[in-house]
Structure formats: C-alpha cells, structure tokens
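Novice: Predicted model follows, preceded by the sequence.
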Amino acid sequence: LGLPAHFTALSPHSFLRLDAPEAQPMSNVFYRSSKTYPVAQKAEGIYIWDTTGKRYLDGSSGALVANIGHGRQAVAQAMAAQALKLEFVHGSQFSSEVLEEYASRLAQFLELPDYRFWAVSGGSEANESAIKLARQYHVERGQPERFKIITRVPSYHGASLGALAASGMGARRELYTPLMRGDAWPKMPKPDPQLSGEEDAERLRAVIEQAGPETVAAFMCEPVVGASDAALAPNAGYHARIAEICREYGILFISDEVMAGMGRCGAPLAVRLHDQVTPDIVVLGKGLAAGYAPLAGLMASPQLYDTVMGGSGAFKHGFTYAGHPVSVAAGLSVLDIVESEHLVGAARERGAQLLAGLQELQRQHPQVLEVRGQGLLLGVVLGDPTTRQAMHKAGLADQVAARARELGLLTYPGTGAVDGVRGDHLLLGPPLSLSGAEADELLGLLADALKVEG
Ligand code: PLP
C-alpha cells in the first residue's frame with residue numbers, strides 16, 4: 001500500500017499503528033500533560049494528518065469547535081484580506097466595519113434582532129463577561145445586593161476563575177476551590193429526564209429561596225450539556241419554565257451556548273430547540289469562528305444594554321483583543337458558509353443518522369449504557385458491562401478514546417461528571433459539513449474501538 005512499516009491494515013476504515021517509535025524529542029512546548037502528543041501537520045475537511053502521515057477522522061471537531069470542517073480557503077482568504085486592510089483597533093477607541101456587519105448578521109441568524117454583540121476571544125472570557133454584565137445590570141438598577149450566580153452540577157462554563165467557580169465540575173475545580181470561597185455560586189441539580197420539563201425546572205425555585213431571592217443576579221445553564229455530562233438535555237418545557245421563574249424573581253437568564261450554539265444542535269439557538277424562549281444573555285464561542293480564529297462573545301438583550309448605557313454609561317469590563325478584526329472576519333466568513341451550505345439543517349440530518357448508528361452500537365456493546373444527542377452534539381455513556389452501572393473509577397472513556405485514536409478516530413472523552421465520580425462518557429461532534437458516508441466511517445471506527453473493551 002506504500003504505507004510506512006508501522007501501519008498495518010485493520011479494517012477498511014482504519015490503520016493501526018503497531019510499532020510507532022515513542023519519539024520524545026526535546027521540545028520547548030509546555031504540553032498539557034506528560035503523555036506524548038502527535039504533531040499535527042495539516043487538515044482538510046473532517047481529517048487531520050500528523051507529521052508521521054497518520055490520518056485522523058475529527059469526530060469531535062477538536063473540542064466541538066471546527067463546525068465547518070478544516071481547510072476552508074474562503075475563510076483563510078477573508079482573514080488575510082482583513083489583516084491587510086485593518087488588523088487591529090482597540091475597543092476603547094474604535095468599532096470596526098467588520099464588527100458592525102458581523103454583529104448585525106449574527107443577530108439576524110440567531111433571531112435576536114435587537115440584541116447587542118459583545119465580542120471576546122474565548123468561551124471562558126465570554127462567560128466572565130456575562131457574569132460581570134449581570135452583576136453590573138442589577139447595580140445600575142439600584143439592587144446592589146444581587147450578586148449570586150446560580151448554575152447546575154455538573155456543568156462547565158470555563159477555566160478562568162469566575163467561569164470555573166460557576167462550573168459544577170469537581171475534577172476541574174478541585175485544585176482551586178480556596179480561590180472560589182464564598183456564597184456567590186449556588187448550585188442546582190442537573191436536568192432529570194424522568195421529570196416533565198416544567199417539574200424539572202421548578203427545582204430552581206428552592207435554590208433561589210435558599211440563596212435568598214433578593215441576592216440572586218442570574219441563573220446560567222448549558223441548554224444541552226457538553227463536557228461535563230455528554231449531550232444531556234432537559235425535556236421540552238424546561239427552558240420556558242426556567243425563564244418564567246427567573247422573570248418572577250427579577251433574575252437574569254443566561255444561556256451558555258459556547259458548545260451547543262451556532263447550529264451544532266440543529267437550531268440557531270440551542271435554548272430554543274423545544275421552547276420559544278428568549279434569554280437575557282446568550283453566550284457563544286467555539287463554532288462562531290469554527291477554529292479559524294479565537295472568537296467568542298455574548299448577545300445581550302436591549303433591556304440590559306439600555307440599563308447600562310443609560311445608567312453609568314459604560315460596561316466596566318474589557319479585554320485588549322476583544323472584537324479583533326481578523327477574528328471577526330473569520331466569524332463572518334464562517335457564518336456565510338453555515339448559511340449558504342444550510343449546515344443547521346445538515347446538523348439535524350447527520351445527527352439523526354449518527355444517533356441511529358449509536359443506538360445500534362449500544363445494542364451490540366453492553367458497556368454502552370446510554371446514547372443521546374441533539375443534532376451533532378452526541379454523547380455515549382459508558383459503564384460496567386456486567387452490572388450496567390456507571391463505573392465509579394477513572395478510565396473507561398479514556399481507554400476507548402485512546403483506542404479510537406490509535407484507529408484514527410478523534411473523540412472527546414469526559415473527565416469528571418458528578419463530584420467524586422469520574423464521568424465515563426465520550427462526546428462526539430464532528431463538523432456540521434460531514435457527509436453521510438463520512439458519518440458511516442465514523443461509526444465503523446467507533447465500533448472497532450468499542451470491540452476491544454467489549
Ligand atoms: N462554556 C461551555 C459550555 C464550554 O463547553 C466551554 C468549553 O468547553 C466553555 C464555556 C469555555 O470555553 P473556552 O474553552 O473557549 O474558554
């Protein structure tokens with residue numbers, strides 16, 4: 001086949017590296033862990049190649065980022081053109097043509113026509129911004145006693161300290177808990193699919209009452225849970241009731257759509273998958289510029305914007321690279337592709353195909369306890385094949401993910417759901433541009449990876 005000696009044909013879809021050298025060359029890179037990382041060289045469509053020539057099917061779009069696939073010339077050209085025309089201005093001195101156009105296109109796409117776009121560089125920054133905006137809004141309205149942000153366990157809202165304090169994810173918080181002391185971050189339980197959406201949402205009321213309703217600034221949740229609880233979604237009616245309860249208590253409703261948004265779940269706004277609901281703030285990231293540039297941000301309701309601008313007159317917050325013109329140009333070009341290639345509908349269609357395939361895998365592999373998905377945000381929950389219970393120990397998802405990687409499939413294993421219990425799940429979320437044949441290839445590779453564990 002003309003392949004390097006350490007590649008051996010395993011199945012029509014895949015090649016297994018048997019005796020690849022454990023190369024640990026001297027490097028100046030501060031890696032994320034002590035394991036050996038392949039060095040990525042190039043990417044095209046749904047595939048990434050490393051420097052040994054090995055090909056990987058990007059079954060998780062990195063960390064659910066590469067929504068339009070890799071190697072899009074149009075986006076690269078739009079970024080180059082913007083860099084040549086205007087590479088940077090600071091937000092305290094200028095807006096920019098590209099930011100003006102993008103904010104209005106994004107508002108139309110999300111069907112939030114009068115919302116204001118606040119741009120930043122990553123999801124954690126975007127959630128920090130949402131938390132600070134919620135706090136400032138209440139202060140401007142003469143309610144400075146409101147500061148608490150209610151979130152759920154588990155949840156993941158980011159790695160910076162404010163966003164991490166809001167996150168209900170033991171494994172990622174543990175080391176830093178002394179830095180997050182205080183009563184600012186009350187938590188409510190995760191959605192329970194056994195309850196009706198309305199009953200489930202009603203549980204927020206007790207958390208508000210216990211925290212002291214007059215002290216609560218906002219409730220924030222992922223409409224479809226990502227890294228902390230693979231694609232868990234509440235039943236229809238949940239978000240509508242949450243919005244009602246928040247309104248009743250004068251609390252803001254923040255929808256963190258960093259992972260679930262921008263069409264990945266099969267709707268422009270993930271919080272509107274089942275309910276007609278309008279949050280006060282929608283937080284976006286990842287799919288916005290789909291990996292071509294760092295871009296994230298929030299959409300704020302006119303009421304929030306007007307309160308701050310009509311009050312003190314300025315949002316007391318800012319980052320140097322906020323609204324970077326080259327990132328925003330990437331976002332605009334990505335949005336062109338999402339719209340012209342009808343990728344939101346494609347996410348629904350391919351998502352249904354993959355979910356049906358995962359259900360078939362569940363029938364064949366007893367260690368697959370549950371599969372679920374909304375569009376192309378899909379979860380595979382793994383556990384003990386004999387007891388059919390969650391494994392309260394580390395490792396199963398990591399093992400399957402490692403095996404899949406050997407076979408040439410990238411997945412996103414869960415690293416910690418409920419406090420004290422290792423979440424053994426895989427997130428799947430290929431680019432929305434994935435073809436039907438590529439979806440079948442992904443399923444074939446995953447089936448091979450699961451065989452080893454069966
Ligand atoms: N919010 C959600 C729902 C996420 O999934 C993530 C990242 O996984 C973040 C926020 C943080 O985004 P970032 O890693 O870009 O800071």
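Specialist: Structure's in. What do you need?
Novice: can you list the domains in the chain?
Specialist: Domains of the chain are assigned by automatic domain parsing as 7-68+343-453, 73-340.
Novice: Let's verify residue 217: helix, strand, or coil?
Specialist: Using DSSP: H, G, I helix; E, B strand; the rest coil, the structure places residue 217 in strand.
Novice: ok, now which ones touch it?
Specialist: Contacts for residue 217 were tallied using CB atoms under 8 Å, 6 or more residues apart in numbering; they are 134, 135, 137, 138, 146, 147, 148, 149, 251, 252. Every C-beta, even on glycine, is put in place using the N, C-alpha and C of the backbone.
Novice: what do you get for residue 255?
Specialist: Counting by CB under 8 Å, 6+ apart, residue 255 touches 220, 221, 222, 223, 239, 269, 270, 271, 279, 281, 282, 283.
Novice: 7 Å instead, please
Specialist: Residue 255 sits next to 223, 271, 279, 282, 283 when contact means CB atoms under 7 Å, 6 or more residues apart in numbering.
Novice: any idea which of those residues is the one closest to the ligand?
Specialist: For the contacts of residue 255, the minimum distance to the ligand (CB to the nearest ligand atom) is 6.8 Å, reached by residue 283.
Novice: The residue of the chain found nearest the ligand - how many residues pack around it?
Specialist: Using CB to the nearest ligand atom, residue 123 is the residue of the chain that sits closest to the ligand, at 2.2 Å. For residue 123, the neighbour count with other CB atoms under 10 Å is 29.
Novice: For it, grab phi and psi.
Specialist: phi -60, psi -40 (degrees, to the nearest 10).
Novice: Am I right that it is in contact with residue 288?
Specialist: No: contact criterion CB atoms under 7 Å: residue 123 and residue 288 do not qualify, at 9.4 Å.
Novice: Identify the contacts common to these two.
Specialist: Shared contacts of residue 123 and residue 288 (CB under 7 Å, 6+ apart): residue 296.
Novice: Quick check: nearest residue in space to residue 251, chain neighbours excluded?
Specialist: Closest residue to residue 251 apart from its sequence neighbours, by CB to CB, 6 or more residues apart in numbering: residue 216 at 5.1 Å.
Novice: before we move on, what about residue 380?
Specialist: Among residues not flanking residue 380 along the chain, residue 426 sits closest, at 4.5 Å (CB to CB, 6+ apart).
Novice: what stretches of the stretch 251-400 of the chain score poorly on pLDDT?
Specialist: Residues of the stretch 251-400 of the chain meeting the criterion pLDDT under 70: 391-394.
Novice: Show me what from it comes close to the ligand.
Specialist: With CB under 6 Å from any ligand atom as the criterion, the stretch 251-400 of the chain meets the ligand at residues 256, 258, 259, 285, 296.
Novice: how many other residues sit next to the second one?
Specialist: Applying other CB under 10 Å, we find 30 other residues in the vicinity of residue 258.
Novice: Okay, and it sits in which element?
Specialist: Secondary structure here is read from DSSP states H and E; on that basis residue 258 sits in neither a helix nor a strand.
Novice: Now for it: which residues touch it?
Specialist: Neighbouring residues of residue 258 by CB under 7 Å, 6+ apart: 123, 126, 283, 284, 285, 286, 296.
Novice: From residue 49, how far off is it?
Specialist: According to CB to CB, to the nearest Å, residue 258 stands 28 Å off from residue 49.
Novice: cool, and the first one?
Specialist: Between residue 256 and residue 49 the computed distance is 33 Å (CB to CB).
Novice: who's more crowded, these two?
Specialist: Taking other CB under 10 Å, residue 256 and residue 49 do not tie; residue 256 has more neighbours (34 against 15).
Novice: and that one, what is it in contact with?
Specialist: Contacts of residue 256 were listed using CB under 7 Å, 6+ apart, and they are 127, 157, 220, 221, 222, 283.
Novice: Is it correct that the first one is in contact with residue 157?
Specialist: Yes: here residue 127 reaches residue 157: they are 4.7 Å apart, a contact under CB under 7 Å.
Novice: any common contacting residues for these two?
Specialist: Shared contacts of residue 127 and residue 157 (CB under 7 Å, 6+ apart): 163, 166, 256.
Novice: which residues does the last one bridge with?
Specialist: Beta-bridge partners of residue 256, counted by DSSP bridges, are residue 283.
Novice: and the residue most central in space within the chain, what does it touch?
Specialist: Closest residue to the average C-alpha location of the chain: residue 259 at 1.9 Å, with CA atoms, centre = their mean. By CB under 7 Å, 6+ apart, residue 259 lies in contact with 64, 222, 226, 286, 377.
Novice: same check, this time on residue 381
Specialist: Listed by CB under 7 Å, 6+ apart, the contact set of residue 381 reads 230, 369, 370, 425.
Novice: Run the chain-centre distance for the helix or strand harbouring the third one.
Specialist: In the assignment (DSSP H and E), residue 370 maps to strand 368-374. Mean-position distance between strand 368-374 and its chain equals 17 Å (CA atoms, centre = their mean, to the nearest Å).
Novice: go on, stretch 73-93?
Specialist: 25 Å.
Novice: before we move on, the earlier item: now do the strand holding residue 370: everything it contacts.
Specialist: By CB under 7 Å, 6+ apart, strand 368-374 touches 224, 231-233, 265-266, 273, 351, 354-355, 358-359, 361-362, 379-383, 388, 450.
Novice: Repeat the analysis, applying 8 Å as the threshold.
Specialist: Contact with strand 368-374 is made by 224, 230-233, 260, 265-266, 270, 273, 351, 354-355, 358-359, 361-362, 378-383, 388-390, 428, 450, as judged by CB under 8 Å, 6+ apart.
Novice: partners of it in the sheet?
Specialist: Under the criterion DSSP bridges, strand 368-374 sits next to strand 377-382 (antiparallel) in its sheet.
Novice: From the chain's centroid, how far away is the partner strand?
Specialist: The answer for strand 377-382 is 14 Å, by CA atoms, centre = their mean.
Novice: What residues of that strand count as buried?
Specialist: Buried residues in strand 377-382, counted by 16 or more other CB atoms under 10 Å: 377, 378, 379, 380, 381, 382.
Novice: can I get those residues in TSV with distance to residue 198?
Specialist: Formatted as TSV, the buried residues of strand 377-382 follow (distance: CB to CB, whole Å):
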residue	distance to residue 198
377	24
378	26
379	24
380	29
381	25
382	31
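Novice: related to what we said a few turns ago, max pairwise distance over the contacts of residue 217: which two?
Specialist: Taking CB to CB, the two most distant members of those are 137 and 148; they sit 13.8 Å apart.
Novice: Please enumerate the helices of the stretch 101-250 of the chain.
Specialist: For the stretch 101-250 of the chain, the helices defined by DSSP state H, counting those that start in this stretch occupy 123-140, 161-166, 170-173, 197-211, 238-249.
Novice: Mean pLDDT for those - can I get that in a markdown table?
Specialist: As requested, the helices of the stretch 101-250 of the chain are exported to a markdown table (pLDDT from 0 to 100):
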| stretch | mean pLDDT |
| --- | --- |
| helix 123-140 | 98 |
| helix 161-166 | 94 |
| helix 170-173 | 81 |
| helix 197-211 | 98 |
| helix 238-249 | 98 |
